[in-house]
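# prediction below, plus the sequence it came from.
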Amino acid sequence: MKKNVLLIAVLIISQIAYSQKSKDAAMHQFVGKLLAKMTLQEKLGQLNLPASSDFVTGQVSSSDIASKVIAGNVGGVFNIRSVTKIKELQEYAVNKTRLKIPLLFGMDVIHGYRTIFPIPLGMSSTWDMQLVERSARIAANEASADGIQWTFSPMVDLTRDPRWGRVSEGNGEDVFLSAAIAKAMVHGYQGDDLSLPNTILACVKHYALYGAAEGGRDYNTTDMSRVRMYNEYFPPYKAAIDAGVGSVMVSFNEVDGIPASGNKWLVDDVLRRQWKFNGFVVSDYTGIPEMMAHGVGDFQTVNVKSLQAGVDMDMVGEGFLTTLTKSLKEGKISQAQIDKACERILEAKYKLGLFDDPYRYCNAQRSATEVFTAANRAEARTIAAQSFVLLKNNQVLPFAANKKIALVGPLANAKENMTGTWSVGADNSKSITVLKGLTDALGERGNVVYAKGSNLEDDIELEKRATMFGKDIPRDNRTADEMIQEALKVSAGSDIIVAALGEGAEMSGESASRSNLDIPEAQKRLLKALVATGKPVVLVLFTGRPLTLNWEAANVSAILNVWFAGSEAGDAIADVLLGKVNPSGKLSMSFPQSVGQVPLYYNHKNTGRPLGTWFEKYRSNYLDVSNEPLYPFGYGLSYSQFEYGKMELSATQLKGNQTLRVSVDIKNTGAFTGKEVVQLYIRDMVGSITRPVKELKGFDKIELAPGQTKKVIFELTPASLKFYNSELKLDWESGDFQIMVGPNAKDVSTMKVNWVK
Ligand code: BGC
């Protein structure tokens, strides 16, 4: 019987492998034949990716796309919205070019298309891979219904410096969590069959190390050891490759002194040869010509370097199109290199089914019925609430529906700010604000009064820079004091003050680095005045990055971090404030006490002079602040309390490929049904290279009713102990390991095992 089952399984697997092989063979044959017919200029056209002028996301955009398409000079176009426009452009490609090669349409569908989910940093705080995948699936469905076949997502750059505005687009500081998210996102977008009209090609970015930009300044230099690259920064990209991602975007920064856009080691050696990536590589927006400013050559040279490195498609730079013919004639590149790049792009189009039907994604009926549906919005609301992190709760939350609420703050009624950065497909006029969410939730009983209380920033020029793309909060011309007085007046008759404060949507994201991580002074002043009333103040915190919240943590009654939660943010916030949903998000990035501590991350090294608890001379520490974060990685409260039982290990002495079972009972001792993210960390005590003091190796999000206990079991094998040694060889080493379990990276209980080869 067992034998039969095994036989059937083997048969099925070999059948799948065989059918994949024959599919690949058919693709190679088709693309090969097409390539043979193409002129050099037609091939170069395929490598060219201009931006549509529909909306611009970078510094410049190429114009007059239609005539370029007709001239055969375009392989794909990005950031063009609507089936009508996409169909029109596709018709030019199909009807007016010699070989009728369809265009590839891309877009930054980063956290939803029209139905917007939380920003990625918020999504990662759900620690729920099913939800993450689901959000990507819905995004793919909506985008493809509107003509889009390719998204520039997921962004999986490890982020450890909250000054960098793009931490909002990533999954935080941890390797393991980030890799799990990379996998879930790729699968969510691409599904199991790319040729289906509702799946889209994913593009993992920004390869590589973009999150390590020095000083948190966007586009800045990165420089790190290979050991750190391989052990920490590379794994999330690699996880996306292993999950079958179809394309990769190279980053703006340099790696080992060579810009990623022209880095042969990074693209050709690591990505293609070591990781066996067989999709295509696209540059970032003008990333190739930017190599001139990096100082590695003139326009012709940087384009040569980029193609030679293995970049296939040139986003906006137009240099592949305009310089490679000359470089070919001069023998600087080979015909085979151009052919290879073109082949990879044609293969992507083939996989998407565009040669079968170039209009596969141009279905007006789908566009009308499958985008921003009630069902998708309902899911976005559920997911949004799961991303919130309750940072503090002095027993004021949840509050009863009959309380009198004063809702105050510049973000309380700011539609444009709900969806956050990179929500280019959003219709912000439909976003739900906190004011609307609370008012609707309370209905007839509603007793919500509102005052704006302050501007986003005191400094008008700073405010302008932080609201450049229209996600603004109309500036109020009253003085700060007049606005505060109004807020105090409105709050006077209330039981609870809800202060909706923090960053505006454009204060994080691309080109939005900050050197000060406080809530803007104008708002902090307001908050202080509200707290001084003596009434309970709940801070509903909008942010795209970890902020420094020492004063807030010490003085307000509760802090609910809501990130930028998407089109349904306001309803989801009301759900949590009123206790319809119990918050369960946990931080994926440490919140520092002071900006001077950054980069600050839990999985750091021990150093030769580790600190005990507080300042000691000649230890690795600061004079003026401890080494601890304000809120650690993995931290987040619930309306319930969870009691961790004693950790149990299946063995404390292990050999070779054995499996270690780590189990712990978790009990809900509170009054609400709630979810808890149970976290497993290890520490490799002695290694041939130094090892982090903690590394996440497992997590499980469980739901418990009041009084209920569940046993959580983790299994560890030597695979979890492996790391890249100084020869960059992936292996594990015998010795002692700490095994830690807890509700966050700080509050863990620890046991020891010895594991030998
Ligand atoms: C960003 C990318 C984005 C691209 C296209 C660039 O400026 O770095 O993340 O995908 O623009 O909009």
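Received it, and whenever you're ready, just let me know what you need. Residues are numbered from 1 along each chain as shown.
# what number of residues lie near the residue nearest to residue 512 when sequence neighbours are not counted?
The shortest distance from residue 512 to any non-neighbouring residue, by Cβ to Cβ, 6 or more residues apart in numbering, is to residue 165 (3.2 Å). Just so you know, the C-beta spots here come from the backbone N, C-alpha and C atoms, and that holds for glycine as well. The number of residues packed near residue 165 is 23, by other Cβ atoms under 10 Å.
# what about residue 165, distance to residue 543?
11 Å (Cβ to Cβ, to the nearest Å).
# end to end, how far does stretch 291-309 reach?
Terminal residues of stretch 291-309 are spaced 13 Å apart (Cα to Cα, to the nearest Å).
# could you give me the buried positions within it?
291, 294, 296, 299-309 (16 or more other Cβ atoms under 10 Å).
# from these, which single one is nearest residue 654?
residue 309 (43.4 Å; Cβ to Cβ).
# contacts only, for that closest one.
Shown in contact with residue 309 (Cβ atoms under 8 Å, 6 or more residues apart in numbering): 261-264, 266-268.
# from those, which are also near the ligand?
Under the cut-off given by Cβ under 6 Å from any ligand atom, the ligand has nothing from these close to it.
# if any of these are buried, put those into a PyMOL selection.
The buried residues among the contacts of residue 309 can be selected in PyMOL (16+ other Cβ under 10 Å) with this line:
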select buried, resi 261+262+263+266+267+268
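# as a markdown table, the contacts of residue 309 with secondary structure, pLDDT and distance to residue 650 would be great.
Below are these laid out as a markdown table (DSSP: H, G, I helix; E, B strand; the rest coil; pLDDT from 0 to 100; distance: Cβ to Cβ, whole Å):
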| residue | secondary structure | pLDDT | distance to residue 650 |
| --- | --- | --- | --- |
| 261 | helix | 98 | 49 |
| 262 | helix | 98 | 50 |
| 263 | coil | 98 | 45 |
| 264 | helix | 98 | 47 |
| 266 | helix | 98 | 41 |
| 267 | helix | 98 | 43 |
| 268 | helix | 98 | 44 |
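# bridging residues for the closest residue in space to residue 230 that isn't next to it in sequence?
Spatial nearest neighbour of residue 230, excluding adjacent residues (Cβ to Cβ, 6+ apart): residue 724 at 3.9 Å. When bridges are called by DSSP bridges, residue 724 pairs up with residue 730.
# can you pick out the most distant pair from the contacts of residue 309?
Pairwise distances across the contacts of residue 309 peak at 12.9 Å for 261 and 268 (criterion: Cβ to Cβ).
# got the contact list for the host helix or strand of residue 538?
Using DSSP states H and E, residue 538 sits in strand 537-542. Contacts to strand 537-542, defined as Cβ under 8 Å, 6+ apart, come from residues 391, 396-397, 399, 409, 411-412, 417, 434, 496-504, 519, 527, 530-531, 547, 549, 552, 556-564, 573, 577.
# now, these that are in strands?
Using DSSP state E, the members of the contacts of strand 537-542 that fall within strands are 391, 496-502, 558-561.
# can I get the residues you listed in TSV with pLDDT, neighbour count and distance to the ligand?
Shown next, in TSV, are the ones in strands among the contacts of strand 537-542 (pLDDT from 0 to 100; neighbours: other Cβ atoms under 10 Å; distance: Cβ to the nearest ligand atom, whole Å):
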residue	pLDDT	neighbour count	distance to the ligand
391	99	24	29
496	97	21	40
497	98	26	38
498	98	31	34
499	98	29	33
500	98	30	28
501	98	26	28
502	98	27	23
558	98	23	35
559	99	23	30
560	99	23	29
561	98	27	24
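# let me know the closest of the residues you listed to residue 629.
Distance to residue 629, by Cβ to Cβ, is smallest for residue 391 among the ones in strands among the contacts of strand 537-542, at 11.6 Å.
# thinking again about what came up before, avg pLDDT for the strand holding residue 538?
Regarding strand 537-542, the rounded mean pLDDT is 98.
# ditto for stretch 613-631
pLDDT averaged over stretch 613-631 gives 94.
# adjacent strands (with direction) for whatever helix or strand residue 679 lives in?
Using DSSP H and E, residue 679 falls within strand 674-684. Taking DSSP bridges as the criterion, strand 674-684 sits next to strand 695-704 (antiparallel), strand 735-742 (antiparallel) in its sheet.
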